[in-house]
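Asker: Using only what follows, build the 3D model:
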Amino acid sequence: MNPQSFATASRDPIIGITCAIAAVGLGAVYMTLGGAPDRLIIVNLAALLIGIGLCLWLSQSKRLKPEGTALIAPLLGASLLATALFGLQADGAFRWINIAGLIMQPSLLFVPLLIMLHARRGSTWTTAGLALAIAGTAAQPDRAMAGVLVGSLIILALMRRERCDLWLVLGAFVGFMVTVVRPDRGGVSPFVDQILFSSFEVNPLIGAGLAIGALLLVAPAAVQAMRAGDRTTALMFGTTWSLVVIAAMLGNYPTPLVGYGGSAIIGYLLSVAFMRPASETTAGQATPIGTASIDAETDARRMMPAA
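Answerer: The predicted model follows:
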């Protein structure tokens, strides 16, 4: 393992992790000043630690290759469909599951991750996973994440112009229209929904801080896009999380990271872990060009007969 290549690889998720820490921190300040129960802040901080651990492990593991990680996509999509069938119900929607007393929203965990997996290297597995996710968000119904799927897949289809992406866009649009037709009676939950507006009532500086925190979510995409090479994953990361924030502003949906909700925090950091293009080598596998040429020259000399 070349120390320089490992150091470069290890910095890849740091920008995303730093942005997540800053956004969750700003949200914690808002919730503290707003009088939120300590439990909400503790849950967010615990989710942040779990997400950071998963992000570092997934981004640095040499065993997790694009072909292998794509195999989990159908399981992720199936979990969204299972949530619609067996999940917790509130106001006519089945979007949540109970894990050890914590209420989680699988769509915030897995929809961004599925989009990133498909953007890195689309395959039959990732296509199947997204198709199941489309059906799951429509059945729940989850209008916000159905809209995120439509917008993200449209951008991806315009970039790659592959037939499977066009079919996914059509399916996502139909799924989104299902959520539009079905009633959405969800009310405003304190410290969760519409906080980008209500935070200004607590303190104008806090409101401005949350707005900055929301903008920080797409900063890793901007940094990745400035690098040479494939920018598809960066654009999809930025598009996906921008749409999640816009959905939170337009309706009563969770505001990611700056509001209460561990699902969005972990989901964000999972997508950070897979933001590197699949064409890039994983940590410990990269070999500097100079080193490769020296090794090749050495091998060639060894093969030459002795004088």
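
Asker: ok, now which ones touch residue 39?
Answerer: If you count contacts by Cβ atoms under 8 Å, 6 or more residues apart in numbering, residue 39 has none. C-beta: built from backbone N, CA, C; applies to glycine.

Asker: That one should be in a helix, yeah?
Answerer: Yes: the assignment for residue 39 (DSSP: H, G, I helix; E, B strand; the rest coil) places it in a helix.

Asker: tell me the contacts of residue 155?
Answerer: Contacts of residue 155 by Cβ under 8 Å, 6+ apart are 235-236, 239.

Asker: quick one: which of those residues has the most company?
Answerer: The most crowded member of the contacts of residue 155 is residue 236, carrying 24 neighbours; neighbours defined as other Cβ atoms under 10 Å.

Asker: who touches it in this structure?
Answerer: Applying Cβ under 8 Å, 6+ apart to residue 236 gives the contacts 115-116, 119, 152, 155-156.

Asker: Just the element for it, please.
Answerer: For residue 236, the host element (DSSP states H and E) is helix 232-250.

Asker: Could I get the buried residue list for that helix?
Answerer: Buried residues in helix 232-250, defined by neighbour count with 16 or more other Cβ atoms under 10 Å: 232-248.

Asker: and after that helix, which helix or strand comes next?
Answerer: Counting by DSSP H and E, the next helix or strand C-terminal to helix 232-250 is helix 262-273.

Asker: pLDDT (mean, whole number) over that following helix?
Answerer: Averaged across helix 262-273, the pLDDT comes to 95.

Asker: Okay, angle between it and helix 232-250 too, please.
Answerer: Angle, helix 262-273 to helix 232-250, by axes from the mean of the first three to the mean of the last three Cα atoms, to 10 degrees: 160 degrees.

Asker: Summarise which helices and strands helix 262-273 is packed against.
Answerer: Applying 3 or more Cβ pairs under 8 Å, 6 or more residues apart in numbering; DSSP states H and E, one finds that helix 262-273 contacts helix 14-33, helix 38-60, strand 102-104, helix 106-120, helix 232-250.

Asker: How far away from the center of its chain is the longest one?
Answerer: Its chain's C-alpha centre lies 14 Å from the corresponding centre of helix 38-60 when counted by Cα atoms, centre = their mean, to the nearest Å.

Asker: Can you give me the buried ones in that helix?
Answerer: For helix 38-60, by 16+ other Cβ under 10 Å, it's 40-41, 43-45, 47-48, 51-52, 55-56, 58-60.
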